[in-house]
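1. With the sequence up front, the predicted model follows.
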Amino acid sequence: QVQLVESGGGLVQAGGSLRLSCALSGRPLSIYNMGWFRQAPGKEREFVAAITYSGGRTYYADSVKGRFTISRDDAKNTGFLQMDSLKPEDTAVYYCAADRSPYDDDIYYEREYDYWGQGTQVTVSS
């Protein structure tokens, strides 16, 4: 049974940084594309970033490009989202997800992902 557990969320001032972690258990992370999504109060869940199973390609939402960095450590079965220069509009619950597909055509879309974590709250104060 595959499980994803996020950690690293919290309260930070604007301009600060946080590093989210996503630990996968039950299968090796190396066979999955991995993505991060977020959901702000009153809004739909949206794509943030993704990395292919090989780690060779990364994808970012325009709103976080240049500020967030997605990475993975398959030896530790853990993925990461480094968030720098945080803004109040980054406040949301952040979810990690794993995708079994060997392709990355639909990596931006929730429907592509097979497993989801429970989410971790990120709050950025102004």
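-> It's in.
2. which residues of the protein score low on pLDDT?
-> Under the criterion of pLDDT under 70, none of the chain is flagged as low confidence.
3. where exactly do the strands run in it?
-> In the chain, the segments counted as strands under DSSP state E are 3-7, 10-13, 18-25, 33-39, 46-51, 58-60, 68-73, 78-83, 92-99, 115-116, 120-125.
4. Now render those strands as TSV, adding distance to Asp106 and mean neighbour count.
-> Quick note: C-beta positions are derived from backbone N, CA and C, even for glycine. As requested, the strands of the chain are exported to TSV (distance: least, Cβ to Cβ, whole Å; neighbours: other Cβ atoms under 10 Å):
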stretch	distance to Asp106	mean neighbour count
strand 3-7	19	17
strand 10-13	31	13
strand 18-25	20	19
strand 33-39	10	24
strand 46-51	10	22
strand 58-60	11	17
strand 68-73	17	18
strand 78-83	19	22
strand 92-99	8	23
strand 115-116	16	18
strand 120-125	24	17
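5. Same list, these, but as a markdown table with distance to Ile107 please.
-> A markdown table is the format used below for the strands of the chain (distance: least, Cβ to Cβ, whole Å):
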| stretch | distance to Ile107 |
| --- | --- |
| strand 3-7 | 16 |
| strand 10-13 | 27 |
| strand 18-25 | 15 |
| strand 33-39 | 6 |
| strand 46-51 | 5 |
| strand 58-60 | 6 |
| strand 68-73 | 11 |
| strand 78-83 | 14 |
| strand 92-99 | 7 |
| strand 115-116 | 14 |
| strand 120-125 | 21 |
